[in-house]
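**Student:** next come a sequence and a model predicted from it.
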Amino acid sequence: MKGKNKPTSVDIAHLAGVSQPTVSRALRDSPLVSLETRQRVQRIARELNYKVDVNARNLRSQRTNTLALLLFEDKSEGERFINPFFLAMLGSITRATANRGYDLLVSFQQLSDDWNAEYEDANKADGIIFLGYGDYTTYIERISKLDRQGAHFVTWGPVIENQPGLFVGCDNEQGGYLAAKHLLEKGHKNIAFLGDKSKDYPEFRDRYTGYTRAHTEVGEEAKEALRFNAFFSEESGYQATLELLETGVEFSAISCASDLIAVGAIKALRQNGLRVPNDIAIVGFDDIPTAEHLAPALTTIRQDTFAAGQALVDSVLMLINDEDVSSSLLTTNLIVRDSCGQPQT
């Protein structure tokens, strides 16, 4: 403090051993800060004869006209990885943001432990859009805190009853149904499913639910012996397909919970002398930009990235403007290409 004419919140934060946003909350007597910390911060402020700069506070309360887009970076297999579906959505979110007169700040979720303090409280952004979340259970715990803080945020992900925050996602159950129905209509009866159906991967679980519904609808059984865990990566699809082949169980088609899983599956099949679609038919999910350029071009379930970007931006802006808004699901569509071949005889 020596040599300074006026103490600042930074000085208080240093002396109290807390962050600057915590000082701001404590001085507002926010219940989000523990009573002990509030009292310590307020005592130091009195000792320093600290006065809140009303003009600065009013400036901070103004809109930034900026949204933050935080991507999930997967490190589950030792390498940094971003789902290409999210990269495809980036353009539509940027366009929708610009059309509403906002700027877009893009970063990674893992770079901060306190998203609200980092963006809204720090006056960097008026709201946050999350793309990807990794483990769903852990993510829900984190956004529950955001929800209690009254932060403005929306997540691209599953829409589940009583979940905290606001979500926009695709109808995963319907997409899984369309994929399996297409294969069944081509005469396939033993259709493998590659994807995790646990509570930690609710989108994959819903796609598997659609897969089983399609089987039930035509009086066929969705065999558990044909389901193998796979996650979001090509390597995961590759390993799951090797496990499938090692069992020796009969199958003529594979419904994959993502396009990347499908890419890995095709690689494993080829290495084992099986051709797609001549020997095994494949359906993916997402319709990532490379799907139509694969050999063979991948039949898949399309999530409309243009509509998704628009819905995410509209939803978070409605939250910011205190308008009524609820979680929503977008439709999915089957995109037929070459990876399923001709009907079975």
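**Tutor:** Perfect, thanks for sending it.
**Student:** so, low pLDDT: which residues of this protein?
**Tutor:** Residue ranges of the chain with pLDDT under 70: 1-5, 29-32, 52-61, 75-80, 111, 113, 121, 345.
**Student:** rerun at 50
**Tutor:** For the chain, the stretches flagged by pLDDT under 50 are 1-3, 58-59.
**Student:** quick test: name the residue nearest the centre of it.
**Tutor:** Per C-alpha atoms, centre = their mean, the C-alpha nearest to the average position across the chain is that of residue 132, at 2.3 Å.
**Student:** who are the contact partners of it?
**Tutor:** 71, 72, 73, 74, 82, 83, 86, 109, 156 (C-beta atoms under 8 Å, 6 or more residues apart in numbering). Every C-beta, even on glycine, is put in place using the N, C-alpha and C of the backbone.
**Student:** and it, how far from residue 217?
**Tutor:** Using C-beta to C-beta, to the nearest Å, residue 132 is found at 32 Å from residue 217.
**Student:** narrow the contacts of residue 132 to those in helices?
**Tutor:** Residues of those located in helices (DSSP state H): residue 86.
**Student:** what's the closest of the contacts of residue 132 to residue 234?
**Tutor:** Nearest to residue 234, judged by C-beta to C-beta, of the contacts of residue 132 is residue 83 at 11.1 Å.
**Student:** I figured that closest one hits residue 234, correct?
**Tutor:** No - in this structure, residue 83 is not within contact of residue 234 by C-beta atoms under 8 Å, at 11.1 Å.
**Student:** shared neighbours of these two, which are they?
**Tutor:** Residues within reach of residue 83 and of residue 234 at once, by C-beta under 8 Å, 6+ apart, are residue 260.
**Student:** would you mark the buried spots in stretch 160-169?
**Tutor:** 163, 165, 166, 167, 168, 169 (16 or more other C-beta atoms under 10 Å).
**Student:** looking at it, the last one is touching residue 154, isn't it?
**Tutor:** Going back to what we said before, that points to residue 169. No - applying C-beta under 8 Å as the test, residue 169 and residue 154 come out as separate, 10.4 Å apart.
**Student:** right, and residue 254 touches residue 279 too?
**Tutor:** No - the pair residue 254 / residue 279 is not scored as a contact, 11.2 Å apart, by C-beta under 8 Å.
**Student:** of these two, which one has the most company?
**Tutor:** When neighbours are counted by other C-beta atoms under 10 Å, residue 254 and residue 279 differ, and residue 254 comes out ahead with 29 against 12.
**Student:** after the host helix or strand of the more buried one, next one along is what?
**Tutor:** Counting by DSSP states H and E, the element that carries residue 254 is strand 253-256. Once strand 253-256 ends, the next helix or strand along the chain (criterion: DSSP H and E) is helix 259-271.
**Student:** flag every buried residue along that next one.
**Tutor:** Buried-residue list, helix 259-271, by 16+ other C-beta under 10 Å: 259, 260, 261, 262, 263, 264, 265, 266, 267, 268, 269.
**Student:** now stretch 302-318, how far from the centre of its chain.
**Tutor:** 13 Å (C-alpha atoms, centre = their mean, to the nearest Å).
**Student:** show me what counts as buried in that stretch.
**Tutor:** 302-305, 308-318.
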